[in-house]
Each structure stands twice: as C-alpha cells, then as structure tokens.
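1. compute the structure for the input listed below.
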Amino acid sequence: MAYTWDVFLLAAFFGFAYGFLLQKADFCFVASIRDWISVKDTRILNGVLVLIGTALLGWTLVLATGARGIADLWTVPVSGGNLLGGILFGIGMTIAGGCGSGTLYRCGMGYVQFWLVLVCAIAGNLLFALVYDPWGKSVLDPLTFAESGYTLYSLPLPVYVIPVAIVVVMIGIAVARFGVRGFAQGIKEALTDWERNPFKQSHWDIRLVAFLIGVVATVQFALMSNVGITGPETRIGAVAVAQLLGDDFVYNNTYLNALFADFPKVGLGPEETLVIFLVIGSLAAALLSGSFKLRLPRKSRLPAAIFGGLLMGVASRIAPGCNIANVITGIGALSLSSVLVLVGMIIGIFIVVAYVFKMPLMLFQKDDSFGA
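-> Residues are numbered from 1 along each chain as shown. As a prediction, the model looks like this:
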C-alpha cells in the first residue's frame, strides 16, 4: 500500500497531540497502578478510567455511525500469551520506570534514562523477532485458545448496549464513592483548572487530559487507524537495522516480514510518523511550560532501564501491544485479549511493587532523575 502525504500529515497531527497531552498531565499507566498499590494515590488511575470510558463511547460512536465496521477493530488471538505478555510487560515497565507512552513523552522532556529505555525496548522487539521463528512460535502457538480475536461487539446486540452499560456502571460507582456533588465538583475542577495561559501551564487536570486523549484517539480510529505504539516502534527498529544489514534482513525474518506486508518497501509509514511526533509534541509542551531539562540518570538506575526496556520490548510482542494499544484500542474494541493483557500488566506491576521494590522505596519517589 502506498500512503499519500495527507495520511502522514494526519499521523503527525495525532502524534503531536498525544505527546502534548501526555506531557501536560504526566500521564503514565504504570504510575497509575503503582501509586494506587504503594501509596493509595488514585489521581492518575482516575485519569485511566476516564480514558477507558471515553474510548468505549468513542469507538461505539464510530461503529454506530458506520465510519468504521467491526472488521476494523483491533483484535488479536485469545491466548495465554496475552496474560503472560501482560505480566512480563508490567514487570518490565515498573522496573524501567515508565510505560510505553510514558517512556516516549519523557524522552521529549529530556530524560536520558528513558532514551535508553526506548532504545532497549526497540532492541527487545527485534530480539523477539529473531527468536520467533521457530522457537517463539512453537512456544506461543500452544497457548492460543482462539485463532481469531474476540470482541463483545460481535454479540447479537446493538453496538451501543455493552459500552454504554459499562460506562453507566463506572459513573454509578464514582457517584456512590464521591456523591453527586463530589462527582459534579470533579467535573467542574477538571474543566476550570486553568491559569492565564494554559499552554504555558506546567500541569493540566489529568481527567480532562484523559478525555481529550480519548477524543483524539476516536478521531484517529475514524479517519486513519487504531492507536498503537510498540508495533510501529518494532518497524522503526527494523528500518534502522535494514540500513546496516540491508532489506533482506527484514524480508528473510518471518515476524518482521509480516509487519511490512502492507508496505511498498521497508520504510517508515504513518504509524511510525505518529510515534516520532509524539516525542516532538511532548518536547513542545515541555518547552512552552519551561519543563524541559536534560536530565542524566544515576548510574545505579541504568541496569533497571536496560533490563526493563528489553523486557518491555519482548513482552509487547508476546502480549501483543503495550498499555496504549490495549487500554484505548483494545478496550474500545471490547477485545477479550486486551482484557487479559491489562490484567496481566496489573499483576506484573503488583509483583514488582510488593516484592521486588518493597525495600528500596526510593524508586517510587518523584525526582528529576526518575521522572515518575
């Protein structure tokens, strides 16, 4: 498939918007679960729940209007690999200090540690591709329960029934917890938390940011594609290696060859452009608010960045997908495999928080070198 310039322009816009918004709220999935487990802080988790609710309603609207069909939903085979990959990804991103999207927006803020995490994650993607055929495939295939992805949208119900029911239950739980006044006050605070110039403001309310990310993702789904991070990162890594070893390196690898099946040649497409502009969007937001600073990591944290990044890369191919793909695209599609991946990620984060990092609590403190 040959892409036209307008698709690349759209991809650049969406990527810039994601990066700008993520930076404005320090929006990181691993931090949402980690903070909830370790210090009972639900600020970021509330944002994740708003994002999930927005994605559910957004995907429903796109399907109901006919802009997209059920065949366009991102679903993958239901497998024990979903849970296994999720657990490994949860462990990796907690050790590394940032999730798939969190790593990218922190790269734009000048955190050198996350540049290393990103490079190692891409290396992990390629490592998986190298061992996939024949070893990886022979391990993952027996774990597969259903070859085709399963979505609840395939049930004989109007497309809006299940998503709306889920969102109504979510709102009901929030009202039961905070009361009607508290819930309304939360909405008011999210919409009015502004200084004189919001673009120079260092932080936006995470609930508003989550809603806006969900809206941007919905528009992307309607106009261009589903939202993904680690798949495009894998292709970026493959393109880089192809510059050194030649295109045959990609074409002779079963896994990488499949990733470029719709490409006219080995090169960067719209989704890879989106990932690049996500970092640029974060950089722009950080520069406007004065938050950009070149931050060197402590040497003691380099092994965690390297190992965590590599594990994230391998795990994102096993699952498949990172937190962004499964929270937005997968849950928006009511995909059973994404539910398993997210459950696995939560388990992985819990394992690290409760057992691996139980003693060195300094790893969960917010400072310039960590960027949480």
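
2. only C-alpha atoms from now on, for both contacts and neighbour counts.
-> OK.

3. near Ser289, how many other residues are there?
-> Around Ser289 there are 16 other residues, counting by other C-alpha atoms under 10 Å.

4. pull the contacting residues for it.
-> 199-202 (C-alpha atoms under 8 Å, 6 or more residues apart in numbering).

5. narrow these to those that are buried.
-> With neighbours counted by 16 or more other C-alpha atoms under 10 Å, the contacts of Ser289 contain buried members at 199-202.

6. reformat the residues you listed as TSV; add secondary structure, distance to Lys293 and pLDDT.
-> As requested, these are arranged in TSV below (DSSP: H, G, I helix; E, B strand; the rest coil; distance: C-alpha to C-alpha, whole Å; pLDDT from 0 to 100):
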residue	secondary structure	distance to Lys293	pLDDT
Phe199	helix	17	90
Lys200	helix	15	90
Gln201	coil	16	91
Ser202	coil	13	89
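
7. next, the contact list for Ile280, please.
-> 16, 19, 108.

8. can you name the next helix or strand after the helix or strand containing Ala121?
-> Assessed by DSSP states H and E, Ala121 sits inside helix 112-131. The helix or strand immediately downstream of helix 112-131 is helix 137-140, counting by DSSP H and E.

9. ok, then the element right after that following helix?
-> Counting by DSSP H and E, what follows helix 137-140 is strand 144-149.

10. quick check: neighbours of that following strand in the sheet, parallel or antiparallel?
-> Partners of strand 144-149 in the sheet, by DSSP bridges, are strand 77-79 (antiparallel).

11. the helix or strand just after the partner strand vs helix 112-131, what angle?
-> Once strand 77-79 ends, the next helix or strand along the chain (criterion: DSSP H and E) is helix 80-96. For helix 80-96 against helix 112-131, the angle by axes from the mean of the first three to the mean of the last three C-alpha atoms, to 10 degrees is 150 degrees.

12. closest to Ala240 among the contacts of Ile280?
-> Ranked by distance to Ala240 (C-alpha to C-alpha), the contacts of Ile280 are led by Gly108 at 20.2 Å.

13. what strand or helix carries the most centrally placed residue in the chain?
-> For the chain, Ile324 is the residue whose C-alpha lies nearest the centre (C-alpha atoms, centre = their mean; 2.1 Å). Per DSSP H and E, Ile324 falls inside helix 323-324.

14. likewise for Leu63?
-> Using DSSP H and E, Leu63 maps to helix 43-64.

15. next, give phi and psi for Pro320.
-> The phi/psi pair for Pro320 (degrees, to the nearest 10) reads phi -90, psi 170.

16. number the residues from 3 up from this point.
-> Let's use 3 as the start, then, which means that last one is Pro322.

17. coming back round to it: now do the helix holding Ala123: everything it contacts.
-> The contact list for helix 114-133 (C-alpha under 8 Å, 6+ apart) reads 98, 100, 105-106, 108-109, 138, 235-236, 239-240, 255-258, 296-299, 304, 307-316, 318-319, 371-372.

18. again, 7 Å this time
-> For helix 114-133, contacts defined as C-alpha atoms under 7 Å, 6 or more residues apart in numbering pick out 98, 105, 108-109, 235-236, 239, 257-258, 297-299, 307-308, 311-316, 319.

19. for stretch 91-108, same thing?
-> With contacts defined as C-alpha under 7 Å, 6+ apart, stretch 91-108 is touched by 21, 24-25, 29-32, 116, 119-120, 231, 280-281, 284, 306-307, 310-311, 313-314, 317-318, 324-326, 347-348, 350-351, 354, 374.

20. quick one: end-to-end length of it, please.
-> With C-alpha to C-alpha, to the nearest Å applied, stretch 91-108 spans 18 Å between its terminal residues.

21. repeat for stretch 318-338
-> Note: stretch 318-338 ends 17 Å apart using C-alpha to C-alpha.
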